[in-house]
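# please work out how this folds:
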Amino acid sequence: MTIFGPGDSVDTFEVGPGEIVFIPPAYFHYIENIGDNDDDMQFAIFFNHERPEDLGISGSFGAYSNDVLASVFGVRSTAVLDSLPKYQEDLFIVAGAEGGGVAA
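Numbering: from 1, shown residues only. You can find the predicted model right below:
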């Protein structure tokens, strides 16, 4: 997992089974399954609002060069951005579901 914080803060680390990660609101983050291709990755996401909304930015990342993204996010080096995959559309959208649940 990689979490981008204010300024030049970029934290990348491995998360194992049973571990919990807290991502502050509005912090960009990236989750990747680094296990074997046959390994399924399952995780639960909890929001602190009864009707959460999240629109992934993976498509936006794919539309800009790493130099532009580094400038926008105040990152001095593009090295961490170079390691992230680029997609042309958002891969994950979450919105509040009827009855207060979360739908993916």
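# C-alpha only now, for contacts and for neighbours.
Noted.
# what about stretch 77-84, average pLDDT?
The average pLDDT within stretch 77-84 is 81.
# work out the gap between that stretch and the centre of the chain.
Taking Cα atoms, centre = their mean, to the nearest Å, one finds the center of stretch 77-84 at 14 Å from the center of the full chain.
# give me the distance between the two termini of it.
End-to-end distance for stretch 77-84, by Cα to Cα, to the nearest Å: 13 Å.
# which residues touch that stretch?
By Cα atoms under 8 Å, 6 or more residues apart in numbering, the residues outside stretch 77-84 that reach it are 66, 67, 69, 70.
# how about 6 Å then?
The contact list for stretch 77-84 (Cα atoms under 6 Å, 6 or more residues apart in numbering) reads residue 70.
# now tell me which helix or strand of the protein has the poorest mean pLDDT.
strand 102-103 (a mean of 44; mean pLDDT, DSSP states H and E).
# restricting to C-alpha, output the lengthiest helix in the chain in CSV.
In the chain, assigned by DSSP state H, the helix with the most residues is helix 66-73. Below are the C-alpha coordinates for helix 66-73, written out as CSV (Å, rounded to 0.1, in the frame of the first residue of the first chain):
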residue,chain,number,x,y,z
ASN,A,66,4.4,11.9,-13.9
ASP,A,67,6.1,15.3,-14.2
VAL,A,68,2.7,17.1,-14.1
LEU,A,69,1.4,14.9,-11.2
ALA,A,70,4.6,15.5,-9.2
SER,A,71,4.1,19.2,-9.6
VAL,A,72,0.4,19.1,-8.6
PHE,A,73,1.0,16.9,-5.6
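# and stretch 44-52, how far out from the chain middle?
15 Å.
# re earlier: next helix or strand past the longest helix of the chain?
Counting by DSSP states H and E, the element after helix 66-73 in chain order, helix or strand, is helix 79-82.
# can you pull the buried residues of that next one?
residue 81 (16 or more other Cα atoms under 10 Å).
# can you pull the alpha-carbon coordinates of that helix into PDB?
C-alpha atoms of helix 79-82 as PDB (Å, rounded to 0.1, in the frame of the first residue of the first chain):
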ATOM      1  CA  ALA A  79      10.300   7.900  -8.700                       C
ATOM      2  CA  VAL A  80       7.200   6.800  -6.600                       C
ATOM      3  CA  LEU A  81       4.900   7.900  -9.400                       C
ATOM      4  CA  ASP A  82       6.900   5.900 -12.000                       C
END
